[in-house]
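> How does the following fold in three dimensions:
(one chain, ligands or ions: 1)
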Amino acid sequence: QKPVTTDTAKAVPTLPDAQTVTAVTHWTDHLFSFRVTRPATMRFRSGEFVMIGLMGEPHPETGKVKPLLRAYSIASPAWDDELEFYSIKVQDGPLTSRLQHIKVGDEIILRPKPVGTLVHDALLPGKRIWFFATGTGFAPFASLLREPETYEKFDEVIVTHTCRNAAELDYSRKLIDDLLADEMMQELIGPENLAKIRYYPTTTREQSPKMGRITTLLQDGTVFRDLGIEGINVETDRAMVCGSIGLNTDIKAVLEGFGLEEGANSDPKHYVVEKAFVG
Ligand code: A2P
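Numbering: from 1, shown residues only. Here you go, the predicted model:
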């Protein structure tokens, strides 16, 4: 007998590499974060990024639909059974104009091929690590701050986050507050390790306790005075940078001024850089 086939399976459209949204948080009119299921076989190193997105609009002539994908840093740590992302909302952005409306239960596309340079393997051993972020460039550090390896490798973890307005710092502030208050994290990472974190938020266009671009605050020594440290030293200090092209270019010059050299997966050195992707 011939097997009976029906079209039921075809009637339910499934995305390629579909993952299901499990949580969405809107931080400001321009920023949101969300969590999705993680493919059972997907491995990654904390700090890496993947391509995610939605199906695009049908082509006006052929009617064909193609996935619309962008690179996103994974904001959750490698041990988490879900994946977290932190995104801007661009009203006329091809992807984020639509992605900002996702709800729990919706599906997104996730290509499970993580890559990136903001990984511990790309840095030489040191004593102090600096995470320099602007805007959504904080995402890979949200992963690395929840990664036990960060604290195994370094005695001090300095996290700078520069945004235009104070509200844009809410995601990083809450992430660090929660990290310090969470019993599971205390157990996983250890209170003595979490005590290594020093958070240094700054704003550039709205009054806040610390104002100015991080590059300026490094160059004029304000950061070092505020944190009570002598400066950046090639023997002890390592850095990871994630922000706009402008920030990345300018901070590279500052770090190289202190004698640090840029590393890569295949050639670990003193600092690594990745641009904050969706912008
Ligand atoms: P500023 O307000 O002085 O431009 P954006 O929202 O444009 O991505 O910027 C995020 C933050 O990064 C802002 O506070 C912005 O400061 C800062 N920023 C932008 N370009 C640079 C740069 N070249 N060096 C340091 N900080 C920068």
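
> quick one: contacts for Tyr151?
Contact partners of Tyr151, counting by CB atoms under 8 Å, 6 or more residues apart in numbering, are Val157, Ile189, Gly190, Asn193, Leu194, Lys196. C-beta here means a position set from N, CA and C on the backbone, and glycine is covered the same way.

> let's see it at 7 Å
By CB atoms under 7 Å, 6 or more residues apart in numbering, the contact list for Tyr151 reads Ile189, Asn193, Lys196.

> hang on, it in a helix?
Yes: counting by DSSP: H, G, I helix; E, B strand; the rest coil, Tyr151 falls inside a helix.

> Give me the nearest residue to it, chain neighbours excluded.
Counting by CB to CB, 6 or more residues apart in numbering, Tyr151 lies nearest to Asn193, which is 3.6 Å off, once chain neighbours are set aside.

> Please apply the same query to Tyr200.
Tyr200 sits nearest to Thr160 (CB to CB, 6+ apart), 4.4 Å away.

> and the strand or helix carrying that neighbour, which strands flank it?
Following DSSP states H and E, one finds Thr160 within strand 156-163. Note on strand 156-163: by DSSP bridges, its sheet partners are strand 128-134 (parallel), strand 197-203 (parallel).

> Quick one: those strands as TSV, columns for distance to Ile214 and mean neighbour count too.
Output for the strands paired with strand 156-163, formatted as TSV (distance: least, CB to CB, whole Å; neighbours: other CB atoms under 10 Å):
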stretch	distance to Ile214	mean neighbour count
strand 128-134	6	25
strand 197-203	6	19
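
> tell me the contacts of the residue nearest to the spatial centre of the chain?
Nearest to the geometric centre of the chain sits Ala139, at 1.7 Å (CA atoms, centre = their mean). By CB under 7 Å, 6+ apart, Ala139 lies in contact with Ser73, Ala75, Phe85, Tyr86.

> Closest one of the residues you listed to the ligand?
For the contacts of Ala139, the minimum distance to the ligand (CB to the nearest ligand atom) is 13.3 Å, reached by Tyr86.

> Can you list phi and psi of that closest one for me?
When read as degrees, to the nearest 10, the backbone of Tyr86 gives phi -130, psi 120.

> That one and Tyr171 touch, don't they?
Yes: counting by CB atoms under 7 Å, Tyr86 touches Tyr171, with 6.1 Å between them.

> and for those two, which residues touch both?
With CB under 7 Å, 6+ apart as the test, Tyr86 and Tyr171 both reach Ser33, Phe138.

> between these two, who's got more neighbours?
Tyr86 (28 against 23; other CB atoms under 10 Å).

> where does the more buried one land on pLDDT?
Turning to Tyr86, the model gives it a pLDDT of 98.

> What parts of the stretch 101-250 of the chain come near the ligand?
Proximity of the stretch 101-250 of the chain to the ligand, by CB under 6 Å from any ligand atom, involves residues 134-135, 162-164, 204-205, 213, 215, 243-244, 246-247, 250.

> export those to CSV and tack on distance to Ala40, secondary structure and pLDDT?
Below are those laid out as CSV (distance: CB to CB, whole Å; DSSP: H, G, I helix; E, B strand; the rest coil; pLDDT from 0 to 100):
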residue, distance to Ala40, secondary structure, pLDDT
Thr134, 34, strand, 97
Gly135, 32, helix, 96
Thr162, 37, strand, 98
Cys163, 36, strand, 98
Arg164, 39, coil, 97
Thr204, 42, coil, 98
Arg205, 44, coil, 98
Arg213, 42, coil, 98
Thr215, 42, helix, 98
Gly243, 33, strand, 96
Ser244, 35, coil, 93
Gly246, 39, helix, 94
Leu247, 36, helix, 96
Asp250, 41, helix, 97
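
> which two from the residues you listed end up farthest apart in space?
Spanning the widest gap among these are Arg205 and Asp250, at 17.3 Å by CB to CB.

> neighbour-wise, which of the two wins?
Under the neighbour definition other CB under 10 Å, Arg205 and Asp250 were set side by side, and Asp250 has more, 19 against 11.
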